[in-house]
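Chemist: Turn this into a structure:
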Amino acid sequence: LGPVSVGVYAALNVSGLTALVSTRIYDDVPRKPTFPFVFYEVSETRDLRGFGTGGLPEVDLRVHVFSQYEGTKEAQSIGLVAIGLLKDAAITVTGYAQAGRIFYDRTVGPFLSEIEGVKCRELVALFRVYVEEAN
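Modeler: As a prediction, the model looks like this:
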């Protein structure tokens, strides 16, 4: 999952998103974060290889946007940029070949959340990435 995470970070760490969240694009939520920020996580849900050898993992990608803005406008604006950067995108995944493009499934939220006692809004965009093990 590490190579997918590196590819996702490279896709998100561009001026369109950093203009909104600066360098606050994380693969782990910091202990005392500065808002707004983006947190992304990848997890392998299943191997879709079928018969034969090798692997074709389906990787779940979740991109969380956290904002302290009193309404939903800031989180939604940042979320739209993140979706635009990842939806149908090709990323570099060292040791793998991306099978197709990143699939955007849906966005859920915004939810009221709390991080280290700080009330915030959380928006989550859900994606799928398919990568084939290089032979």
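Chemist: which strand in this protein runs the most residues?
Modeler: With secondary structure taken from DSSP state E, the chain has its longest strand at strand 118-133.
Chemist: so what does it touch, helix or strand wise?
Modeler: Here strand 118-133 touches helix 2-12, strand 57-67, helix 73-86, strand 96-98, strand 103-115, going by 3 or more Cβ pairs under 8 Å, 6 or more residues apart in numbering; DSSP states H and E. For the C-beta atoms, the positions are set from N, CA and C on the backbone; glycine is no exception.
Chemist: To Glu133, which of these lies closest?
Modeler: Of all the helices and strands packed on strand 118-133, strand 96-98 sits nearest to Glu133, with 6.0 Å by Cβ to Cβ.
Chemist: What residues sit buried inside the closest one?
Modeler: By neighbour count with 16 or more other Cβ atoms under 10 Å, strand 96-98 contains the buried residues 96, 98.
Chemist: And for stretch 32-44?
Modeler: Counting neighbours by 16+ other Cβ under 10 Å, one finds that the buried residues in stretch 32-44 are 33, 35-42.
Chemist: Show residues contacting it.
Modeler: Identification of contacts with stretch 32-44 by Cβ atoms under 8 Å, 6 or more residues apart in numbering yields 1, 4-5, 8-9, 12, 17, 20-21, 24-30, 57-69, 74-75, 78, 82, 115-116, 118, 120, 129.
Chemist: hmm, 7 Å instead?
Modeler: 1, 4-5, 8, 12, 17, 20-21, 24-27, 29, 57, 59-68, 74, 78, 82, 115-116, 120 (Cβ atoms under 7 Å, 6 or more residues apart in numbering).
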